[in-house]
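>>> need a structure here:
(chains A and B)
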Amino acid sequence: MKILAVEDNKELASSIHDFLAREGYVCEVAPSFDEAQEKLLLYSYDCVLLDIMLPDGNGLELLKFIKGKNIQSGILIISAKDALDDKINGLEGGADDYITKPFHLPELHARLRAIYRRKKLEGSNIITFNEITLNTDTLEATVNNALLDTTRKEFDLLLYLVVNKNRVLSRQSIATHLWGDYTDNLANFDFVYQHIKNLRKKISAANGADYIETVYGLGYKFNSSNV
Amino acid sequence: MRLVDKFTLWFMGVFLLVTPITTFICYNNIEKKINDAETARLTDMNERVATQLKSGVNAEKEMKGLATEIVAIPTQLPAQRVQVEKEAADNNFQKYHENRLAVTSYYTINNKNYKISSYSYTPKAEQILSSILNTIVWKLVLMIFCLVISARLVSHRILRSLRITMKKIENFNVKRKLTFPHTGTRELRELNSFLQKMTDKAVEEYAAIKEFSENASHELQTPLAIIRSKLELLTETDIHEDQAALISDMQNAIEKLAKINRSLTLLAKLENKEYEVSESIRFCRVAKDVLAAYEDRIEMKNLSVKNNIDKNIQLKIHPTLADMLMNNLLGNAIRHNVQNGTINITLTQRQLIVSNTGLPPEIPTDELFQRFKKSNQCSESVGLGLSIVKQICEVSGFKVSYNYSNQLHVLEVEFYPSATKEYVAGTTSHQNFEPALS
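Numbering: from 1, shown residues only, chains lettered A, B, ... in the order given. The predicted structure follows:
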């Protein structure tokens, strides 16, 4: 996957770059409106990460530019503004998704993958890892071709883990992914733990390998080498 | 009382005060003038008769039909050559309310002394007064009638600009500057220019505050995003268990910081009234959606939920706020609940009640609406949830209260607080609770 990150903050851009590079993606960084415009005209990208506030322009203008030039990249808007207007304007302007700062890198990755699946893999909805298969359309998970009786949340969790395999996923990041805005008032770690526990139980009941491991006190990891 | 009514009343008062005075002056003047004129006429007539006498004309003949008599007097002429007498008319004329005015002049003609006296009848004061009064009453009635009518017509014209100004102020929104119409009246012009300055200032201040809160949230969110992402990258390096513990603590702190930042930004936005509502939404649907979002966690804590959500609850509230309100109330009810506890949700046309089991509060429940106040100060929560609930309710015109009774934490949101008060007093009709239905 080839990605253009339009982000003026050097440190954040380098975080995004490093994280995505480890997935084997090509990630280029454009710190300004002009540079982004230039790169978009010269090269083609599968996905564009678009910061709304740029030193020399507005990300929403760049969105118009991309749509105007009929550039077929998926677009994920990143913004510190969690103003409702921006969200609506962004999505109406043709962006595929919207994420607000401060985001979790695995979350960013999961959303990029979702956009990529929809846009570039012609809506392919099957994700396979060894004996595990996930169908993002029907929300069904199978292990060794046996249907796993998962709840919606467990499916989301498994998808998140598989997409971010071999990554340490903090409990905060998992909670945000599962419940979005509905996390603020709760001590979510217990709930995350319970979901993980149930998921592991169900996978092992279907004779799947135990890929999910606990990482110290940090969180969880889908370890592909655990066979 | 309307401005025009005040002016009208004031003018009426002035009329009523001035009219008796002018009546009195008028009454005096008219009687005096009539008497003066009559006296002058009679004096003049005496003079003419004397002239005729002098020229030897037969005065008797000339005077036929005139109320004049000539008497030769043997004595000396009195010092006063012209004497005026006024007396009430003879008994016969009494009924005409007239005075008898007599002018007597003394002349010396051909060495003979004559007394020439003429008399006439003039209207008496009472007679004048009654007709003056009649006129005055008519005048007053007409004046007041015209005043009332014209004041209304004219004020409609003159105060038009004031009314426009008032309408503009009424619809003033700190997001938009106002322009006032030009007016020829000095006071209104001054008022408009004063209001112009004031509203412009309010709009500018609002924009500045809004910009600040936006900037603050933007400026904080980017460093937070950087720290969070760097920590996430750090967790993927080769670290030991004790280092992991340090990172975990930092991640918790960042999570909390991010929540505080978001909540404070939200509170600022609420105070800035950025969530304006124009349409009603189905609140029952929001309640069900939020409940669904918490379903898995309710199940895990083994809470039993009794919900009594009425259908078709239309409320005037911003959709985002409705969601946040339910989210905070339900989130709290789950968070502060005990294992195997209960949650009751009742949603009717006029109120939402969320009650839950839980440990008794350690501080008065009212104080929990204050920012950063927590029942258990060392708990993990930020302590802004109920502040946000309160602020959302204020913005939407709801009233929220928190009680602890029968071992239940009861949060009650009244949608039409003023109407409910009347209802309790038993004076209102049922329709007060259903304006959103129509």
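>>> how about stretch B:123-131: buried residues?
Going by neighbour count (16 or more other Cβ atoms under 10 Å in any protein chain shown), the buried part of stretch B:123-131 is B:123-124, B:128-129. For the C-beta atoms, the positions are set from N, CA and C on the backbone; glycine is no exception.
>>> just those residues that are near chain A?
Restricting the buried residues of stretch B:123-131 to those near chain A by Cβ under 8 Å from any Cβ of the partner chain leaves nothing, as none qualifies.
>>> any idea which of those is closest to chain A?
Within the set of the buried residues of stretch B:123-131, B:Leu129 lies nearest chain A; the separation is 80.7 Å, counting by Cβ to the nearest Cβ.
>>> where's that closest one, which helix or strand?
Here B:Leu129, judged by DSSP states H and E, is contained in helix B:125-158.
>>> mind giving me JSON lines with the buried residues of stretch B:123-131 and columns for distance to B:His409 and pLDDT?
Written out in JSON lines, the entries for the buried residues of stretch B:123-131 read as follows (distance: Cβ to Cβ, whole Å; pLDDT from 0 to 100):
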{"residue": "B:Pro123", "distance to B:His409": "95", "pLDDT": "76"}
{"residue": "B:Lys124", "distance to B:His409": "95", "pLDDT": "73"}
{"residue": "B:Ile128", "distance to B:His409": "90", "pLDDT": "74"}
{"residue": "B:Leu129", "distance to B:His409": "86", "pLDDT": "78"}
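>>> What is the nearest of these to A:Leu4?
For the buried residues of stretch B:123-131, the closest approach to A:Leu4 (Cβ to Cβ) belongs to B:Leu129, at 104.4 Å.
>>> Report the contact partners of the closest one.
By Cβ atoms under 8 Å, 6 or more residues apart in numbering or on different chains, the contact set of B:Leu129 is B:Tyr27.
>>> Report the closest residue of chain B relative to chain A.
Using Cβ to the nearest Cβ, the single residue of chain B nearest to chain A is B:Gly331, 3.0 Å away.
>>> Tell me the helices and strands packed up against the strand or helix carrying that residue.
Here B:Gly331, judged by DSSP H and E, is contained in helix B:319-335. Counting contacts by 3 or more Cβ pairs under 8 Å, 6 or more residues apart in numbering or on different chains; DSSP states H and E, the secondary-structure elements packed against helix B:319-335 are helix B:283-293, strand B:342-347, strand B:351-357, helix B:385-396, strand B:408-414.
>>> Report the mean confidence score over it.
Rounded to a whole number, the mean pLDDT of helix B:319-335 is 90.
>>> now that helix, how far from the centre of its chain.
Relative to the mean C-alpha coordinate of its chain, helix B:319-335 is positioned 38 Å out (Cα atoms, centre = their mean, to the nearest Å).
>>> Taking strand B:351-357 as reference, get the angle to that helix.
Between the axis of helix B:319-335 and that of strand B:351-357 there is an angle of 20 degrees, by axes from the mean of the first three to the mean of the last three Cα atoms, to 10 degrees.
>>> Buried residues, helix B:319-335. List them.
For helix B:319-335, burial by neighbour count (16+ other Cβ under 10 Å) applies to B:319, B:321-335.
>>> same check, this time on stretch B:153-172
Buried residues in stretch B:153-172, counting neighbours by 16+ other Cβ under 10 Å, are found at B:155, B:158-159, B:161-162, B:165, B:168, B:172.
>>> nearest to B:Thr342, of these?
Sorting the buried residues of stretch B:153-172 by distance to B:Thr342 puts B:Phe172 at the head of the list, at 47.5 Å, by Cβ to Cβ.
>>> dump the residue contacts of that closest one.
Residues in contact with B:Phe172 (Cβ under 8 Å, 6+ apart) are B:178, B:199, B:202.
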